[in-house]
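Asker: Predicted model follows, preceded by the sequence.
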Amino acid sequence: MKGPLFARPNLRWFLVGALLVSGVHQLTTTGRSAAPKLAAPISLADYRASDEEIDQLVAYAVKHPSPEIYFRVSRCYENRGELRRALFYLRQAEKIEPRD
C-alpha cells in the first residue's frame, strides 16, 4: 500500500481516458443515428396548393362528394396553415363517410 502507484495517482491520464471514452461514445451513438438530409425521401405532404387548385378540388367535391376528396382539400388547407378551413373539410368528410 505504500508503493508509488497508490501514493499519488496521475489525474491527467484519468482525464485523457475519460475524454477518449466519451469521444468514442459520441461517435458510435449519434454519428450513425441520423441519415443525411439528402437521403430523406421526398414527400408531397409539404406541397402548398394554389388557390386555383383548391377551388377546383372544392368544385369537384361539390359535384362528386367523397371522403377522399374532402380529405385532400383539408390537407391542402392544413399545409397552407389555414387550420379552421382544414377542420371544416374534415368534418365534411366525416359526414359523408359511410358508417358500418
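Answerer: Ah, there it is. Model, not experiment: these values are computed from the prediction. Residues are numbered from 1 along each chain as shown.
Asker: going forward, measure contacts and count neighbours with C-alpha atoms only.
Answerer: Noted.
Asker: Which residue ranges of the protein form helices?
Answerer: 4-7, 11-29, 51-63, 67-80, 83-96 (DSSP state H).
Asker: what's the domain layout of this structure?
Answerer: 4-36, 44-96 (automatic domain parsing).
Asker: For those, state which one has the densest average packing.
Answerer: domain 44-96 (a mean of 16; mean count of other CA atoms under 10 Å).
Asker: ok, back up a step: output the helices of the chain as JSON lines; include the columns mean pLDDT.
Answerer: Converted to JSON lines, these look like this (pLDDT from 0 to 100):
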{"stretch": "helix 4-7", "mean pLDDT": "57"}
{"stretch": "helix 11-29", "mean pLDDT": "85"}
{"stretch": "helix 51-63", "mean pLDDT": "91"}
{"stretch": "helix 67-80", "mean pLDDT": "89"}
{"stretch": "helix 83-96", "mean pLDDT": "92"}
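Asker: Do I have it right that Glu94 meets Pro67?
Answerer: Yes. Using CA atoms under 8 Å, Glu94 is in contact with Pro67, at 7.0 Å.
Asker: who are the neighbours in contact with Val24?
Answerer: Not one residue lies near Val24 by CA atoms under 8 Å, 6 or more residues apart in numbering.
Asker: if I look at the residue nearest to Arg85 when sequence neighbours are not counted, how far off is Ala18?
Answerer: Excluding the flanking residues, the one nearest Arg85 by CA to CA, 6 or more residues apart in numbering is Tyr77, at 6.4 Å. As judged by CA to CA, to the nearest Å, Tyr77 and Ala18 stand 52 Å apart.
Asker: same deal with Lys95?
Answerer: In terms of CA to CA, Lys95 sits 62 Å off from Ala18.
Asker: for Phe71, same thing?
Answerer: Relative to Ala18, and taking CA to CA, Phe71 is found at 55 Å.
Asker: Likewise for Ser50?
Answerer: From Ser50 to Ala18 the distance is 56 Å (CA to CA).
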